[in-house]
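> Sequence first, predicted coordinates after that:
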Amino acid sequence: MSNGGLPYRIDPMRWEDVPAVMAIERQSFTLPWSDYTYRHELLENVNSHYFVARRIDQTAAKRSGLFSRWRNNPKAAVPIVSYGGFWLIAEEAHISTLASHPDWRRRGVGELMLLAMIERALHLNASMVTLEVRVTNEVAKNLYLKYGFDYVGMRPRYYRDNNEDADLMTVDGVQKPEYRQKLQALRAALEDQLRQAVARASHETS
């Protein structure tokens with residue numbers, strides 16, 4: 001997926017990405033998935049769709065000539081800072097995981113990953129997107145509400161590490177014109193936010 005001048009690029013996750021993904025996984029979850037699980041998801045599960053966000057330090061890239069090397073090999077020397085995935089069964093996309101490196105949280109990359117997954121699900125003709133989230137994770141729930149997710153149920157003691165309940169959240173009608181327009185507006189606002197952050201960083205280092 002083209003990054004369009006943004007500081008991050010979304011790519012399909014590859015098996016070679018798993019060590020970097022696992023490093024973020026261990027810092028994000030008390031019961032992290034194993035590399036065997038990711039092997040199954042990437043190589044065996046035909047219903048799975050996983051992605052990574054790569055950080056592109058555009059200021060440093062210009063100084064070092066990374067842009068020319070990156071154009072020849074877009075995945076070279078570009079660190080992974082976030083990842084996510086979903087399962088598509090029939091017309092339902094179920095987001096199975098979403099995490100960002102602790103150093104890159106609250107910078108918009110997690111939102112960009114969520115947006116990219118929803119857009120990919122739409123492209124694959126999903127009619128709804130669903131997920132579980134910890135009842136105490138207000139930051140994540142506010143993000144999901146922003147993207148039209150509603151509370152539709154609860155899964156008691158869903159998280160095995162502390163028996164915390166999970167809220168089940170779903171957004172229906174994602175193929176409808178009004179939701180697609182909502183996504184376009186959200187993407188435009190997010191891209192503007194990310195480009196402003198790049199401009200500020202460039203100004204500070206110039």
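Here it is on my side, so go on.
> For the rest of this, base every contact and every neighbour count on C-alpha atoms.
Noted.
> Run through this protein and note the low-pLDDT ranges.
1-4, 57-77, 202-206 (pLDDT under 70).
> try 50 this time
2, 59-72, 74-77 (pLDDT under 50).
> what about the strands in it?
Along the chain, counting by DSSP state E, strands occupy 8-12, 48-55, 80-89, 92-100, 128-134, 150-159, 164-172.
> Now distance to T30 and mean neighbour count too, for the ones you listed, in a markdown table please.
Listed next are these as a markdown table, based on distance: least, Cα to Cα, whole Å; neighbours: other Cα atoms under 10 Å:
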| stretch | distance to T30 | mean neighbour count |
| --- | --- | --- |
| strand 8-12 | 25 | 21 |
| strand 48-55 | 21 | 22 |
| strand 80-89 | 17 | 23 |
| strand 92-100 | 13 | 21 |
| strand 128-134 | 13 | 21 |
| strand 150-159 | 10 | 14 |
| strand 164-172 | 12 | 19 |
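> I'd like to know which of these is closest to A140.
Nearest to A140, of all the strands of the chain, is strand 128-134, at 7.5 Å by Cα to Cα.
> any idea of the angle the closest one forms with strand 150-159?
40 degrees (axes from the mean of the first three to the mean of the last three Cα atoms, to 10 degrees).
> Next, the contact list for the residue nearest to M154 when sequence neighbours are not counted, please.
Leaving aside its chain neighbours, M154 sits nearest to D167 (4.6 Å; criterion: Cα to Cα, 6 or more residues apart in numbering). By Cα atoms under 8 Å, 6 or more residues apart in numbering, D167 lies in contact with E132, V133, R134, V135, Y151, V152, G153, M154, R155.
> if I look at the third one, how far off is P32?
So the one you mean is R134. 15 Å (Cα to Cα, to the nearest Å).
> Also the last one?
When Cα to Cα is applied, the distance between R155 and P32 equals 20 Å.
> now do the fifth one
Between Y151 and P32 the distance, using Cα to Cα, works out to 25 Å.
> Report the buried residues of the helix ranked longest in the chain.
Scanning the chain for the helix with the most residues, using DSSP state H, yields helix 177-205. For helix 177-205, the neighbour count (16 or more other Cα atoms under 10 Å) marks Y179, L183, L186, R187, L190, E191, L194, A197, V198 as buried.
> Tell me the helices and strands packed up against that helix.
If contacts are counted by 3 or more Cα pairs under 8 Å, 6 or more residues apart in numbering; DSSP states H and E, helix 177-205 sits against helix 58-64, helix 109-123.
> Check the chain and tell me which residue is nearest its centre.
Closest residue to the average C-alpha location of the chain: M113 at 2.4 Å, with Cα atoms, centre = their mean.
> rewinding a little: reformat the strands of the chain into TSV and put distance to G108 next to each item.
Shown next, in TSV, are the strands of the chain (distance: least, Cα to Cα, whole Å):
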stretch	distance to G108
strand 8-12	10
strand 48-55	11
strand 80-89	10
strand 92-100	10
strand 128-134	19
strand 150-159	21
strand 164-172	21
